[in-house]
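Trainee: have a look at this prediction, sequence included:
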Amino acid sequence: MRIVYPSLAVIIWSGNAIVSKISANAIDPAAISFYRWFLALVILTPFVFLSVVRNWHSIRKYWWKLMVLGLLGMVLYQSLAYYAAHSISALFIGIFSSIIPLLTLLISIVVLRVAPTVGIVLGGILSFGGLVWLVSAGDPAQLLRQGVGKGELMMFCASFSYALYGVLIKYWVIKLPNWQFLYMQIAFGVLLLLPPFLLASDIRLNAQNLPLVLFAGLPASVIAPYLWILGVIRLGANTASILMNLTPVFTAIIAVSFLHEQLYAYHLIGGGITLIGVILAQHLSIPLSKQRVTNSH
C-alpha cells in the first residue's frame, strides 16, 4: 500500500506532460505557467498562510534561496516544457524528464563534492548515446547535418534546471516545514512569472484551456507533491526515486492512448538506452578510483 502514494504522483506528473503538449495549441505558455502556480498558491493559502506568518522570522532568513528555488523549479522547468511542447511530442517531454536523476548526480559531483562512480560514468555515456539516438530519430548523422532542434534544447535546459533545483535543496538545507517550504517557492514563482504573463498576447481562459490549467494547478502542483512527500516518508527517498524512472513509461502509455502519438522503434531504443543509463548511474555505486592507503610502521 505504501507504494501507491509515490506511484500516483508519478502518474499525475506523467499526465502533466500530456497537458503540456495539449496546451501548445490552447493557451500561451506564459499564461498557463502563471495560472498554474497562481491557482496552486490560492489553494494552499488557507492552509499554509497563517503558519507562514507565524514563522516569518525564520522564513525571511532564506528568502533569496527560496526565490532561486522558485525560479528553477516553478518558473524555468515547467515554462520551458510548455514552450518546448510547441515543437516536440509528449513522448519526448517524458523521456527528457527521465534524465533529471542523472543530471542531478552529475551536478552533485561539482556542488556537493559527491565522489564519481563507475555507474555515473557508464550511465552518463549510455544516456547521452540514447538521447542522441532519440533526438536524431535513429540517424545520428542527421544531428551533424541539421543540429539539435529548439524544443529538444529547451527540454534539456528544463531538465537541467530541475536537477540543479534538487541539488540546491540538499546543499542549502533550508530548515522549514515541508508545506511552508513549498508555499514560499510557489509564491516567488508566481511573482517571477507575472511580468511575462502581463506581456503575453492572449491570456484569456476558455472552455478549451481551463481544464488544462485546473489539472496543472491542482493535481500536478498540489496533490502530486503531497503524495510524493507521503511516499518518501513511508518508503524512503531512495526507494521512491526508483519509481520516478517510470515517468517516461507512463508518459508513453498515456501519449499513445490519448494523443494517438506514434511510438517508433527509435523511441523504444533511444528511450530504453537512456533509462538504462539513468538506472546504472543511480545504483552502480562502485567508486571510480580507490585511494591507496599506506601504513607506516
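Mentor: In hand now; what should we look at? Numbers count the residues shown, from 1 in each chain.
Trainee: now do the helices in the stretch 101-250 of the chain.
Mentor: Applying DSSP state H, counting those that start in this stretch to the stretch 101-250 of the chain gives helices spanning 118-135, 141-146, 150-172, 178-199, 210-217, 224-235, 237-244, 247-258.
Trainee: mind putting these into a markdown table with distance to residue 282?
Mentor: The C-beta positions use only the backbone N, C-alpha and C, and glycine is treated the same way. Shown next, in a markdown table, are the helices of the stretch 101-250 of the chain (distance: least, CB to CB, whole Å):
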| stretch | distance to residue 282 |
| --- | --- |
| helix 118-135 | 7 |
| helix 141-146 | 27 |
| helix 150-172 | 13 |
| helix 178-199 | 24 |
| helix 210-217 | 28 |
| helix 224-235 | 15 |
| helix 237-244 | 7 |
| helix 247-258 | 14 |
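Trainee: mean pLDDT lowest where, among those helices?
Mentor: Mean pLDDT across the helices of the stretch 101-250 of the chain is lowest at helix 237-244; the value there is a mean of 71.
Trainee: list the contacts of residue 266.
Mentor: If a contact means CB atoms under 8 Å, 6 or more residues apart in numbering, then residue 266 has 133-134, 136-138 as its contacts.
Trainee: ok, residue 16 touching residue 218?
Mentor: No. Look at residue 16 against residue 218 with CB atoms under 8 Å: they stay out of range, at 11.1 Å.
Trainee: compare the two (neighbour count), which wins?
Mentor: residue 16 (28 against 16; other CB atoms under 10 Å).
Trainee: state the phi and psi torsions of that one.
Mentor: phi -70, psi -30 (degrees, to the nearest 10).
Trainee: kindly report the same for residue 138.
Mentor: With angles defined as degrees, to the nearest 10, residue 138 sits at phi 80, psi 10.
Trainee: got the contact list for it?
Mentor: 264-266, 269-270.
Trainee: okay, it and residue 153: tell me how far apart.
Mentor: To residue 153, residue 138 is 20 Å away according to CB to CB, to the nearest Å.
Trainee: same check, this time on residue 223
Mentor: With distances taken as CB to CB, residue 223 is found 31 Å from residue 153.
Trainee: could you find the closest non-adjacent residue to residue 33?
Mentor: For residue 33, ignoring the flanking residues on the chain, the nearest one in space by CB to CB, 6 or more residues apart in numbering is residue 79 at 4.4 Å.
Trainee: equivalent analysis for residue 150, please.
Mentor: Residue 150 sits nearest to residue 87 (CB to CB, 6+ apart), 6.0 Å away.
Trainee: hmm, the one you found is touching residue 153, no?
Mentor: No. Applying CB under 8 Å, one finds residue 87 not in contact with residue 153, separated by 10.0 Å.
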